[in-house]
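Peer 1: Next come a sequence and a model predicted from it.
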Amino acid sequence: MRNKAMLIVAAFVIAAASLPLFAGPYFLSVFNTIFVYMSLALTWDIMLRTGQLSYGTAGLFGLGAYASALLVAKAGLNPLVSIAAGGAFAGLLAFFLGFGVLRLRKIYFSITTLALTTVFSVIIRNLPRLTGGASGTVLPRALFNGDPGKNYWMIYCLALAVIAISVWLSKSKTHYAINAIRNDEITARSSGIDVFKYLLFIFVLTSTIQGVIGAFYAQQYAFVQPEATFSMNFLLLPLAMALVGGVYSTIGPVVGAVLLGLVSEYLKLIMPYGHLIVYGIIIVLVVLFMPQGITRAFAKLFTRKMQVGGVDSASLRD
Amino acid sequence: MLAAASKKQYLFIALLVIAAIVIGFWEPHALIYGIQRGSLYAVIALPLALILGILGVLNLAHGEFLTVGMYATFVLFSRFGVDPMVSTVPVTLLLAVVGVAVYLLTIKHVLKAGHLSQLLITFGISLVISELIKSIYTTQPRGVFTTYSYSSTTLAGIRFGTYEFLYLLIAVAVLVGLQLFLKKTRLGQATFAVGQNPRGASIVGINVSFVYLFVFGLSIAIVGLASVFMVPRVSIFPGAGTPYTMKSFALTAMAGLGNLNGILLAGIALGIFEAVVNAIPGGSGWSDVVFFGVLILVIMTRAIREGRR
Amino acid sequence: MPVLETRGLEKRFGGLLAVRDLSFSASRGEILGIIGPNGAGKTTVINLVAGIFPETSGQIYFKGQEINKLSTHERNHLGIARTFQSVRPLDHFTALENVMIGALFGQGMHLAEAREYAYEICDLIGLKNVDRSIDNLTVLDLKKIEIGRALASKPDLLFLDELMAGLNADETAEMIEVVRELQRRQLTIIVVEHIMAVVRELTQRCIVLDGGAIIAEGSYEEVAKQERVIEAYLGKEE
């Protein structure tokens, strides 16, 4: 059973890696986008595993993007190095912000992260000499000169790394700490868990990843602009993907990203205005009717047939 | 829920008055504009605070309801030639109905589901509303022009718009209305009790679920009322109401949960502050940073004062 | 040197003085009872010593060290553990994993090490079927998980908050045995308890709280006779 599962996963990994060998540029760009959102969905979910709902995903994504783009445009840094630098910048900022933000809980944490996103984008818009202001900054060259195959491989590797981090976390001691914090903070403290330390670790980790993904995005399109770079899409889509797939897991955001990523491509074609409404409806419906997500709903269906217990039953409502 | 004005509040009022006088001499337009805008912020923030205080739900779709009201007013005006002032009644009623419908379909079912579900579902609703509007009316900005909304007068050599003083009038009316409702009517007292302790309220026979429904409907109706009066002065587009969610929360956080009077004070204070920043040469782009900066600062100090270890 | 000592401990919630001028100590291997009517401030004392919220004034010494400024998890690392009045197990974890939490973070063990140690603890307290989810456990088992998690952090001082509430006579007897076993291991145990039979059975010494202050101190037999205690309790006697 276990071996079979490993084989299936390996088949998927190899198939996805060899996509550029036979797929055209349109297909590659669709999956490129899916991997961008998949990585963000995982980071959003990892933060949620601590019980903190972040609305700051787009903000740190945007900061990473700007840091990387400006380092290339103004300091002539190598684009690949700048992607790492973008992540480091987002992570460092998250570290300092964490000392304030991570004292907050529930709606106060969520709304503050949302406010920070706005603050970041307004600050950037108001520094035209440095950032190009509202019209943004165009880079002289796109990453890998815009080669779709290479860009695909790059984001594919990044997404695999994020998946690996998520899996590793779920098997580590940190998993126990953050689940305990989400479940009941007082118990967690009383059991010796340094709540702040773990929250800070997860916040910096997820922010760094968001920064890296943002930086990659900026380099790939050789362009940053406040409205596009801090777009709410970088919060909304990952959030909907993680919810649909099933929160507090690795498989959930991955499946959700592929599913919604493909749906959204189709919707964009048939609905030029307001296709995001589908995401809104999905979020509402999932919260109301399927808080455990699609992967767990399926798992339950199958295990019931096979008379096997022990499906992880975590859901948003916990 | 409704703390009487405390000593601190009087101190705040005194400081506000002093600041207003100083600003009045230095830049009278900023003062006038600040009071006008601030009152509007307060009208919009009051219902958010009411829902948060009684239902315990932070409604992230708050600003989108405002947008719905604007478009409703716009449609009445452009299709049927109804003057916005006449639209007050139908739009307020419409929003009450929309609020009740949204409550029954969604909010009602997540009241016990925890804050994550509530934050997510209202976020989802905000998206559904704004995208629905986008798909019907596209992103093209619309406007409703009325002559009276641009009337102005000159006082002591200062020329200023008069229409927006209506906001102050409405803010005071809504505030007084709410206070009277909560203190003098049976339903209001029941609402107050539910806000204090829903379990206790239901034990003494208060129909808690009706109170929730009523409060949500009433709150969204107030949002509708605010939207009508905004329409003659603002550009209408799918995201027009969105920033008001955060601004409303900023006022609520500043005033402290349950302090309705404080919201008007906080609104005027932030309105003046914003107007002053805008009056500084080159400052106009930064007013949002100021607003959100204050919000973040207020939340932080409150969290730290509550003193978790 | 006492394991725990408080001097003039006070806690004010707004206008309410929940704990006033509280000075007491507990020595190694002792089982100390804290009793008193509802609202006497018993659980508040635990919360103060565990660092859930800060005291208004007074000092807390643990193994001779002042711990007032330490946060909850640091106090746990030093050796203070507790159970909760209302059981608070972690959902989606097995019983064993719940117990592991204490070993992982209270003791800083690695996963494998903590797992082994958690099995030992479960054995010690008679917790069976530890690899199943906690969804359908009995109150007794949930309470044992509480104890297990607290014990797994290898405490020197263990607070048991209303451990027997909700247990039937047989279960109570079993639990008393568990606590006795812990005492044999030289743990200092402070029990907050409503059921007087349990207090009489378990404790060597009691302090009686009323309105946040100590009104009597001594063996159960001694304090139970005192006029003030009877007055404070009136009818609580079993």
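Peer 2: That came through, no problem. Here the structure is a predicted model, which is why all the values come from computation and not from measurement.
Peer 1: Residue of chain C nearest chain B, please.
Peer 2: Closest approach between chain C and chain B, counting by CB to the nearest CB: C:Ser71, at 4.7 Å. From N, CA and C alone the C-beta is placed, and that goes for glycine too.
Peer 1: Surely that residue is in contact with A:Ser190?
Peer 2: No. Counting by CB atoms under 8 Å, C:Ser71 stays clear of A:Ser190, with 10.9 Å between them.
Peer 1: between the two, who's got more neighbours?
Peer 2: Using other CB atoms under 10 Å in any protein chain shown, the more surrounded residue of C:Ser71 and A:Ser190 is A:Ser190, with 31 against 18.
Peer 1: ok, now how distant is the more buried one from C:Leu158?
Peer 2: 12 Å (CB to CB, to the nearest Å).
Peer 1: For those two, list the residues in contact with both.
Peer 2: Residues touching both A:Ser190 and C:Leu158 (CB atoms under 8 Å, 6 or more residues apart in numbering or on different chains) are C:Ala81, C:Arg82.
Peer 1: Contact partners for A:Gly280?
Peer 2: The contact partners of A:Gly280, taken as CB under 8 Å, 6+ apart, are B:Gly124, B:Ile125, B:Ser126, B:Leu127, B:Val128, B:Ile129, B:Glu131.
Peer 1: TSV for those residues, including distance to A:Phe12?
Peer 2: Listed next are these as TSV, based on distance: CB to CB, whole Å:
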residue	distance to A:Phe12
B:Gly124	30
B:Ile125	35
B:Ser126	35
B:Leu127	31
B:Val128	33
B:Ile129	38
B:Glu131	32
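Peer 1: Which of the residues you listed fall within helices?
Peer 2: B:Gly124, B:Ile125, B:Ser126, B:Leu127, B:Val128, B:Ile129, B:Glu131 (DSSP state H).
Peer 1: Point to the residue nearest the middle of the chain.
Peer 2: Going with chain A. A:Leu40 (0.9 Å; CA atoms, centre = their mean).
Peer 1: ah, I was thinking of chain C
Peer 2: For chain C, by CA atoms, centre = their mean, the most central residue is C:Phe159; offset 1.6 Å.
Peer 1: ok, now chain B?
Peer 2: Taking CA atoms, centre = their mean as the criterion, B:Ile44 is the residue nearest the geometric centre of chain B, at 1.4 Å.
Peer 1: What pLDDT is listed against A:Met1?
Peer 2: pLDDT recorded at A:Met1 is 64.
Peer 1: give me every residue that touches C:Ala50.
Peer 2: A:Ser190, C:Thr72, C:Arg75, C:Asn76, C:Ile80, C:Arg82, C:Phe159.
Peer 1: A:Ala142 and chain B, how far apart?
Peer 2: 28 Å (CB to the nearest CB, to the nearest Å).
Peer 1: what sits against that residue?
Peer 2: A:Gln219, A:Gln220, A:Tyr221, A:Ala222 are the contacts of A:Ala142 under CB under 8 Å, 6+ apart.
Peer 1: Could you list the low-pLDDT ranges of chain A?
Peer 2: Counting by pLDDT under 70, chain A contains low-confidence residues at A:1, A:303-313, A:318.
Peer 1: the strands in the chain, which residues?
Peer 2: Unless you meant another one, I'm taking chain A. Ranges of strands in chain A, per DSSP state E, are A:137-138, A:223-224.
Peer 1: that's the wrong chain, I meant chain C
Peer 2: Counting by DSSP E, the strands of chain C are C:4-13, C:16-26, C:31-35, C:57-62, C:65-66, C:80-82, C:157-161, C:188-192, C:205-210, C:213-218.
Peer 1: what's the fourth one in contact with?
Peer 2: Taking contacts as CB under 8 Å, 6+ apart, the residues outside strand C:57-62 that touch it are C:2-10, C:21-22, C:48-49, C:66-68, C:75, C:78-80, C:157.
Peer 1: what do you get if the cut-off is 6 Å, keeping everything else the same?
Peer 2: Residues from elsewhere that reach strand C:57-62 (CB atoms under 6 Å, 6 or more residues apart in numbering or on different chains): C:Leu4, C:Glu5, C:Thr6, C:Arg7, C:Gly8, C:Leu9, C:Glu10, C:Val49, C:Glu66, C:Ile67, C:Asn68, C:Leu78.
Peer 1: what's the closest of these to A:Glu265?
Peer 2: Closest approach between the contacts of strand C:57-62 and A:Glu265, by CB to CB: C:Leu78, at 56.7 Å.
Peer 1: and chain C, which residues reach chain B?
Peer 2: Applying CB under 6 Å from any CB of the partner chain, one finds that chain C approaches chain B through C:Ser71.
Peer 1: which regions of chain C sit below the pLDDT cut-off?
Peer 2: The low-confidence ranges in chain C, as defined by pLDDT under 70, are C:234-238.
Peer 1: now the helices for it?
Peer 2: So, for chain C - with DSSP H - the helices run C:42-50, C:72-78, C:95-101, C:111-125, C:139-152, C:169-184, C:196-202, C:220-225, C:227-233.
Peer 1: Generate JSON lines for those helices, with distance to A:Ser170 as supplementary columns.
Peer 2: Shown next, in JSON lines, are the helices of chain C (distance: least, CB to CB, whole Å):
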{"stretch": "helix C:42-50", "distance to A:Ser170": "30"}
{"stretch": "helix C:72-78", "distance to A:Ser170": "22"}
{"stretch": "helix C:95-101", "distance to A:Ser170": "13"}
{"stretch": "helix C:111-125", "distance to A:Ser170": "12"}
{"stretch": "helix C:139-152", "distance to A:Ser170": "21"}
{"stretch": "helix C:169-184", "distance to A:Ser170": "33"}
{"stretch": "helix C:196-202", "distance to A:Ser170": "41"}
{"stretch": "helix C:220-225", "distance to A:Ser170": "49"}
{"stretch": "helix C:227-233", "distance to A:Ser170": "51"}
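Peer 1: so which of those helices gets nearest B:Gly205?
Peer 2: Short answer: helix C:42-50, nearest of the helices of chain C by CB to CB, at 31.4 Å.
Peer 1: Can you tell me the closest non-neighbouring residue to C:Glu146?
Peer 2: Leaving aside its sequence neighbours, C:Glu146 sits nearest to C:Thr83 (CB to CB, 6 or more residues apart in numbering or on different chains; 3.9 Å).
Peer 1: ok, that neighbour touching C:Ile145?
Peer 2: No. Counting by CB atoms under 6 Å, C:Thr83 does not reach C:Ile145; the two are 9.2 Å apart.
Peer 1: So these two - more neighbours on which side?
Peer 2: Ranked by neighbour count (other CB under 10 Å), C:Thr83 and C:Ile145 place C:Ile145 first, with 29 against 26.
Peer 1: Name all residues that make contact with that one.
Peer 2: Here C:Ile145 is in contact with C:Pro89, C:Ala95, C:Asn98 (CB under 6 Å, 6+ apart).
Peer 1: ok, which of those residues also contact chain A?
Peer 2: Of those, not one also sits near chain A (CB under 6 Å from any CB).
Peer 1: Which one (most neighbours) among those residues?
Peer 2: C:Asn98 (30 neighbours).
Peer 1: Who are the contact partners of that residue?
Peer 2: C:Pro89, C:Leu90, C:Ile145, C:Arg149.
Peer 1: sec struct for B:Thr153, please.
Peer 2: strand (DSSP: H, G, I helix; E, B strand; the rest coil).
Peer 1: Help me confirm that B:Glu274 comes into contact with B:Ser287.
Peer 2: Yes. Under the criterion of CB under 6 Å, B:Glu274 makes contact with B:Ser287 at 4.8 Å.
Peer 1: more crowded one of the two?
Peer 2: For B:Glu274 and B:Ser287, the more surrounded residue by other CB under 10 Å is B:Glu274, and the numbers stand at 25 against 18.
Peer 1: Spatially, what comes nearest to the residue nearest to the centre of chain C if we skip its sequence neighbours?
Peer 2: Distance criterion CB to CB, 6+ apart; nearest residue to C:Phe159, sequence neighbours excluded, is C:Arg82 at 3.9 Å.
Peer 1: All good on my end, thank you.
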